[in-house]
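> Give the three-dimensional model of this entry:
(one chain, ligands or ions: 2)
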Amino acid sequence: MLTDLIHRIGLSFRAVANLLAILLAGVPVLIHAAAAEPGQDKTLKLIAPAVSTGTGLLLEPALTLPEFTREKFEAAMATVGPEKIHKPWTNPIVTLPPHPRADAKGLTHDEVRAYMTEVKRLFDTGQALPLSDVGLVSTQEDVIRKPMLNHIAGFSNETVRAYLLVQRTSTDKGWSYFAIVQDLTVTPVLDYFAEIKKTGPKFEGTSCYKCHSSGPLAIHPAREDLVLDASLAAAISRHIAEQPRSRFVFPEDSPKPPTGEPLTLKFCARCHSEDGDRDRLYQVQSHPIRVMVDFGYMPPNRRLKPEEIAELKAWLEHKP
Ligand code: HEC
Ligand code: HEC
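Ligands and ions are numbered 1, 2, ... in the order given. Reported below is the predicted structural model:
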């Protein structure tokens, strides 16, 4: 019940812990234990398992990947270097040193790239706390239709929130590196996206925006057993879901794609709009929309009624 309340009023764990600390000043030991071990955090709700609700919104049959067993999953994940993943943790987000320019108002592109290079270095040297999963949104539909293996780690200081994604499909050999850095020194916060290549980070926009309409995406494993540490996944996902509203930075050579029509159906747009919790959604985001709704994640607290599904389907299929 407390969890529901916290979700509804949108308080962060830290805010609640602080509040409790004030209310329960007489029992500081208890609070201390809770704050020191978010791994034991009772307010942490595990991510609901992905099960298709059969809305008819998917363009391809839902995949359950029966041949991709837990053993195969663990072995595939460990090919990145077993010492880099599935580590013990207390705080799910790794704290970065303070930014050298304390009064920065707007990071330079070089500073953003330096953060991206640094989070990759932390991962490569076993100093990150990645969750490891097969991602639902990238595995379903026609994107690749085989397990997409993700290691995702979060980092932060007062200046940035940074995320690293180390990714390959189940049949590829090498891992690719992607990063998102949120510049918190400006309002609205700015989101930089990049692929980290051998030569360093290369800013991207066009392709990322098709799924990342509001910046970093909450975590959704493709199947309940295809995640190495479900508590860590839930903790990182909550950190992502609590992110500030932000604006996507499109580099000149990777501009915003044509968006198609905005999604104005009120059962989505009351949260996804210019001044909502999340940014407006467009037809260009139809892939994550189909998957998130069919697997019952959106809207967050209820199932759509058949007539609402029909309205959404008509909008997805409408040619402007
Ligand atoms: C097909 C949809 C899709 C596209 C296109 C895409 N992403 Fe993602 N990305 C996701 C999903 C879904 C997750 C969460 C995965 C999970 O649950 O394991 C994610 C996670 C990430 C993360 C980890 C932080 C977070 O948001 O959870 C980074 C970093 C990232 N993506 C970078 C990029 C960059 C950079 C691009 C463009 C070059 C890109 N992505 C394009 C779907 C996409
Ligand atoms: C009560 C508010 C609310 C409603 C209503 C809602 N969403 Fe969301 N949506 C969220 C939040 C918060 C997130 C980010 C956290 C998460 O993914 O769990 C999100 C995430 C998403 C994402 C991933 C992109 C992003 O913004 O991170 C998609 C796609 C999405 N929603 C689609 C929909 C669709 C389609 C509907 C209507 C059928 C809908 N949502 C209704 C709150 C809402």
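> Surely Tyr163 is in a strand?
Yes - the secondary structure assignment for Tyr163 places it in a strand, going by DSSP: H, G, I helix; E, B strand; the rest coil.
> What is the burial count for it?
Taking other CB atoms under 10 Å as the neighbour definition, Tyr163 ends up with a count of 26. Every C-beta, even on glycine, is put in place using the N, C-alpha and C of the backbone.
> If I follow the layout properly, it ends up in contact with His151?
No - with contact defined as CB atoms under 8 Å, Tyr163 and His151 do not form a contacting pair (11.1 Å).
> where exactly do the helices run in the stretch 51-200 of the chain?
Taking DSSP state H, counting those that start in this stretch as the test, the helices found in the stretch 51-200 of the chain are 70-78, 109-124, 136-139.
> now swap in the stretch 201-320 of the chain and tell me
Read by DSSP H, counting those that start in this stretch, the stretch 201-320 of the chain holds these helices, from start to end of the chain: 206-209, 230-241, 266-269, 286-294, 306-317.
> Can you mark which positions in the last one are buried?
By neighbour count on 16 or more other CB atoms under 10 Å, the buried set for helix 306-317 is 308-309, 312, 315-316.
> Check the third one too.
When neighbours are counted by 16+ other CB under 10 Å, the buried residues of helix 266-269 are found to be Cys268.
> Show the contacting residues for His318.
261, 283 (CB atoms under 8 Å, 6 or more residues apart in numbering).
> Numbering from 40 from now on, please.
Will do, 40 is the new start, and the previous item becomes His357.
> rewinding a little: of all the helices of the stretch 240-359 of the chain, which lies closest to Ala87?
helix 269-280 (10.0 Å; CB to CB).
> The closest one packs against which elements?
Using 3 or more CB pairs under 8 Å, 6 or more residues apart in numbering; DSSP states H and E, the elements in contact with helix 269-280 are strand 170-173, strand 187-195.
> one more time with 10 Å, if that's ok
Helix 269-280 is packed against helix 52-62, strand 132-134, strand 170-173, strand 187-195, strand 199-208, with contacts defined by 3 or more CB pairs under 10 Å, 6 or more residues apart in numbering; DSSP states H and E.
> Check those for me and report the most buried one.
Mean neighbour counts were taken over these using mean count of other CB atoms under 10 Å, and the top value, a mean of 26, falls to strand 170-173.
> now check it, is it near ligand 1?
Yes - for a cut-off given as CB under 6 Å from any ligand atom, strand 170-173 has contacts with ligand 1, namely Asp172.
> what about the nearest residue to Tyr321 once chain neighbours are set aside, how many neighbours?
Nearest-residue entry for Tyr321: Thr298, 3.7 Å, with adjacent residues in sequence omitted and distances by CB to CB, 6 or more residues apart in numbering. Other residues within reach of Thr298, judged by other CB under 10 Å, total 16.
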